[in-house]
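Engineer: only geometry, no sequence info:
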């Protein structure tokens, strides 16, 4: 029979906290009651297995429920650098800000873009929150640009988006100065591309293969122009005429 170890309540075994001895099971193993440090759940475990535990399972459940993986970069440029965990009943994560600072905060507030920095750009953020550009209103003349701005960020940074693999999954990004600044995006588009012509949409050109949504790589294009700018097409030069074949 396994010799019972005398442990004091509150002692740490790995990351778990020992609470009390329960019994010796039929395999002659000690069963003890322990507490998870992340969600405070109390559960039974074989003493010899406790050091191998990273959590009661709450870390895995949080990551699965929120569909967020280590390395995920959100619209704000903040990156998740540690497996999500529970703290005082809340889902937390360890994040790295675009300024380089690492800190813990609520997962939901990062995911929903409520927190967009560690606090390094608080003044800038505050001014943005109170600035009314009016383009979120569907009746605004440039509402289409506001919707477009949100769509390209969704393609590149929302890992739950059904077609994420076509943009963000291939490493395509949005120009850093545009991620949190709609006005700068709008200003560049109107100054360099003009208003959107009827029947056209934004296209990454000339570098559609790996080019980002950034200055110098955008144009307004018809569906046919965009079809000719896909990765599936190959350009060949024949008799001094550039033909595009599917």
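Structural biologist: That came through fine. Keep in mind the model is a prediction, meaning the values are calculated, not measured.
Engineer: which residues does the nearest residue to residue 34 once chain neighbours are set aside bridge with?
Structural biologist: Excluding its sequence neighbours, the residue lying closest to residue 34 (Cβ to Cβ, 6 or more residues apart in numbering) is residue 16, at 4.3 Å. In short, each C-beta sits where N, CA and C put it, glycine included. Bridge pairing for residue 16 (DSSP bridges) gives the partners residue 13.
Engineer: which secondary element of the chain has the worst mean pLDDT?
Structural biologist: When the helices and strands of the chain are scored by mean pLDDT, DSSP states H and E, strand 234-238 comes last with a mean of 44.
Engineer: I figured the residue nearest to residue 34 hits residue 49, correct?
Structural biologist: No. Counting by Cβ atoms under 8 Å, residue 16 does not reach residue 49; the two are 10.2 Å apart.
Engineer: neighbour-wise, which of the two wins?
Structural biologist: Using other Cβ atoms under 10 Å, the more surrounded residue of residue 16 and residue 49 is residue 16, with 21 against 11.
Engineer: on the pLDDT front, check that one for me.
Structural biologist: pLDDT for residue 16: 92.
Engineer: ok, it to residue 82 distance?
Structural biologist: 19 Å (Cβ to Cβ, to the nearest Å).
Engineer: one more: residue 175?
Structural biologist: 28 Å.
Engineer: same thing with residue 6?
Structural biologist: Counting by Cβ to Cβ - residue 6 and residue 82 are separated by 35 Å.
Engineer: next: residue 28.
Structural biologist: 38 Å.
Engineer: who has more neighbours, the two?
Structural biologist: residue 82 (14 against 9).
Engineer: that's a strand at that one, yeah?
Structural biologist: Yes. Checked against DSSP: H, G, I helix; E, B strand; the rest coil, residue 82 lies within a strand.
Engineer: can you name the residues that contact it?
Structural biologist: 70, 93-94 (Cβ atoms under 8 Å, 6 or more residues apart in numbering).
Engineer: if I look at it, how far off is residue 163?
Structural biologist: Distance from residue 82 to residue 163, by Cβ to Cβ: 28 Å.
Engineer: and if you look at residue 50?
Structural biologist: 44 Å.
Engineer: got it, and residue 198?
Structural biologist: To residue 163, residue 198 is 25 Å away according to Cβ to Cβ.
Engineer: okay, the two: which has more neighbours?
Structural biologist: residue 163 (11 against 6).
Engineer: report the contact partners of that one.
Structural biologist: Contacts of residue 163 by Cβ under 8 Å, 6+ apart are residue 155.
Engineer: which helix or strand lies directly C-terminal to the helix ranked longest in the chain?
Structural biologist: Assignment by DSSP state H gives helix 143-157 as the longest helix of the chain. Downstream of helix 143-157, the first helix or strand assigned by DSSP states H and E is helix 176-179.
Engineer: figure out how far stretch 211-222 is from the centre of its chain.
Structural biologist: Centroid displacement of stretch 211-222 relative to its chain, using Cα atoms, centre = their mean, to the nearest Å, is 23 Å.
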